[in-house]
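Visitor: could you work out the structure for the sequence below:
(one chain, ligands or ions: 1)
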Amino acid sequence: MTTATDSAPAVAPATTGAPLLDIRGLSVSYGRRGANTRVLNGVDLAARSGEILGIIGETGSGKTTLARATVGLVRPEAGRIGFDGQDLAALRGGALRAFRRTGQVQFTFQDSLRSLDPELTVDRIVGEPLAVAGVPRDRRAARVAEALTRVGLDPAALGTRTPGQLSGGQRQRVCVARAIVTRPRLLITDEPVSALDASNRNLVLHLLDRLRRELDLAIIVISHDLSSLAGIADRVAVLYRGQLVEQGPISEVLEDPRHPYTALLTASAPSVRREHRLLPAQLRASGDREAWPDGVGCAFAPRCRFAGPECRERPATVRSDGPGTVNSDEPGLTEGPGARSVACHHATTWRRELV
Ligand SMILES: Nc1ncnc2c1ncn2[C@@H]1O[C@H](COP(=O)(O)OP(=O)(O)OP(=O)(O)O)[C@@H](O)[C@H]1O
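Guide: All right, here's what the predicted structure looks like:
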């Protein structure tokens with residue numbers, strides 16, 4: 001069984017039903033026309049109400065960009081961002097601003113201290129999204145107190161403090177309170193625990209786990225740390241250089257990774273106990289391989305020991321080798337919460353090459 005070494009909340013059964021968030025073919029580039037760099041390449045992703053989806057990937061893999069595109073802070077180059085049946089990627093101008101003001105999709109930034117205005121009190125910080133959403137002033141105080149209480153902070157004791165007068169764990173909770181005060185349906189939280197010590201890390205993870213149950217929230221937790229996701233996520237999506245290489249129920253993905261990059265990640269994470277017992281050295285390509293243009297073939301192939309010519313010629317799609325595995329060429333990639341997808345030409349064969 002795969003577990004984190006830290007004590008962690010129990011994982012709720014994955015929810016069923018149509019995804020609240022249904023992203024298809026999302027591509028994002030930065031830079032001017034002609035000199036732009038593609039940082040997300042045809043990403044498919046789904047999240048359901050009451051579910052925690054972890055997104056894992058090394059630095060620069062595009063995790064934050066994925067979140068920023070989903071909340072409308074970055075305009076996609078291509079693709080659909082379905083939210084409750086509406087395509088957020090198609091919203092422009094006033095329609096996009098109006099949707100954002102509703103606060104149905106909220107985002108907590110990576111650096112909680114820097115994302116909080118040091119001059120404002122906790123009450124003002126948490127109340128800001130309500131002001132933006134047009135909630136009358138006389139109704140805001142009660143909503144702010146409710147949100148602070150929900151994240152385990154005492155409004156009477158902390159409401160008049162500024163961020164500099166809070167601990168790191170309290171600041172992170174204030175960020176979560178600010179995000180849930182609008183009663184969102186989807187919360188995306190970027191590295192919520194990376195700056196925290198072990199005990200605060202567990203408190204915040206437990207908090208997220210509780211909120212998804214109490215509020216039926218879909219929560220996307222972005223992390224570069226597998227062990228913090230292992231305790232709370234129902235499913236995990238693995239990003240590598242802008243490509244989604246694998247996704248599925250987290251316990252299955254950690255115990256039986258089908259993409260060599262996921263296998264390398266799990267083999268390199270000492271805090272995640274695993275049964276497959278692969279070693280990083282077994283999975284790395286020997287020597288340097290020739291790099292090839294971004295967006296062509298599998299992004300991991302230059303580092304992959306098992307890559308063949310087909311890996312550089314065309315993007316890999318899913319290998320179907322078990323119940324619940326679906327083909328990413330087919331519509332409905334993530335129709336079921338138990339579905340797995342693996343974008344690797346060698347998903348079912350690479351283990352045979354291990355020595
Ligand atoms: N505004 C921007 N303009 C140009 N390039 C950007 C911009 N924001 C991010 N990038 C680049 O896009 C790529 C993906 O960045 P992103 O922040 O999405 O990755 P990440 O996986 O969240 O990384 P980290 O774990 O370090 O936060 C990186 O190469 C980054 O340098």
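Visitor: ok, residue 101 to residue 197 distance?
Guide: 36 Å (Cβ to Cβ, to the nearest Å). C-beta coordinates here come from the backbone N, C-alpha and C atoms, glycine included.
Visitor: ok, residue 235 next?
Guide: Shown here: residue 235 relative to residue 197, a distance of 27 Å by Cβ to Cβ.
Visitor: now do residue 88
Guide: Residue 88 sits 36 Å away from residue 197, going by Cβ to Cβ.
Visitor: likewise residue 306?
Guide: Look at residue 306 and residue 197: by Cβ to Cβ, they are 39 Å apart.
Visitor: between those two, who's got more neighbours?
Guide: A count of neighbours by other Cβ atoms under 10 Å puts residue 306 above the other of residue 306 and residue 197, at 21 against 11.
Visitor: around the ligand, pick out the residues from the stretch 1-150 of the chain.
Guide: 30, 39, 57, 59-65 (Cβ under 6 Å from any ligand atom).
Visitor: ok, now which ones touch the closest residue to residue 173 other than its chain neighbours?
Guide: Nearest residue to residue 173, sequence neighbours excluded (Cβ to Cβ, 6 or more residues apart in numbering): residue 151, at 4.3 Å. By Cβ atoms under 8 Å, 6 or more residues apart in numbering, the residues touching residue 151 are 173-174, 176-177, 180, 207, 211.
Visitor: those: which two are farthest apart?
Guide: Farthest pair in those (Cβ to Cβ) is 174 and 211. Separation: 14.2 Å.
Visitor: how about the CA coordinates for the helix-or-strand element of the chain with minimal mean pLDDT, as PDB?
Guide: When each helix and strand of the chain is scored by mean pLDDT, DSSP states H and E, helix 112-115 comes last, with a mean of 75. Presented in PDB, the C-alpha positions along helix 112-115 are these (Å, rounded to 0.1, in the frame of the first residue of the first chain):
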ATOM      1  CA  SER A 112       0.800  33.200   1.300                       C
ATOM      2  CA  LEU A 113       2.700  36.000   2.900                       C
ATOM      3  CA  ARG A 114       3.300  37.900  -0.300                       C
ATOM      4  CA  SER A 115      -0.200  37.300  -1.600                       C
END
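Visitor: now do the helix or strand that it is followed by, average pLDDT.
Guide: Next along the chain after helix 112-115, taking DSSP states H and E as the criterion, comes helix 122-132. Mean pLDDT, helix 122-132: 96.
Visitor: next, the buried residues of helix 122-132.
Guide: 122-130 (16 or more other Cβ atoms under 10 Å).
Visitor: tell me how far it lies from the chain's centre.
Guide: Its chain's C-alpha centre lies 25 Å from the corresponding centre of helix 122-132 when counted by Cα atoms, centre = their mean, to the nearest Å.
Visitor: restricting to C-alpha, output that helix in PDB.
Guide: Provided in PDB are the C-alpha atoms of helix 122-132 (Å, rounded to 0.1, in the frame of the first residue of the first chain):
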ATOM      1  CA  VAL A 122      -7.600  39.900   8.300                       C
ATOM      2  CA  ASP A 123     -11.200  41.000   8.300                       C
ATOM      3  CA  ARG A 124     -10.600  43.300   5.300                       C
ATOM      4  CA  ILE A 125      -8.500  40.700   3.400                       C
ATOM      5  CA  VAL A 126     -11.100  38.000   3.800                       C
ATOM      6  CA  GLY A 127     -14.000  40.400   3.000                       C
ATOM      7  CA  GLU A 128     -12.400  41.700  -0.200                       C
ATOM      8  CA  PRO A 129     -13.900  39.100  -2.600                       C
ATOM      9  CA  LEU A 130     -17.300  39.800  -1.100                       C
ATOM     10  CA  ALA A 131     -16.900  43.500  -1.900                       C
ATOM     11  CA  VAL A 132     -15.800  42.600  -5.400                       C
END
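Visitor: quick one: contacts of that helix?
Guide: Outside helix 122-132, the residues that touch it by Cβ under 8 Å, 6+ apart are 101, 103, 106, 116-117, 120, 137, 139-141, 143-144, 147-148, 153, 155, 158-163, 166, 174, 177-179, 181-182.
Visitor: which residues does the least confident helix or strand of the chain contact?
Guide: Helix 112-115 has contacts (Cβ under 8 Å, 6+ apart) with 108-109, 163, 168, 171-172, 174-175, 195.
Visitor: quick one: furthest residue from the center of this structure?
Guide: Distance from the centre of the chain peaks at residue 138, with 35.3 Å (Cα atoms, centre = their mean).
Visitor: that residue: what secondary structure?
Guide: helix (DSSP: H, G, I helix; E, B strand; the rest coil).
Visitor: how near is it to residue 178?
Guide: 20 Å.
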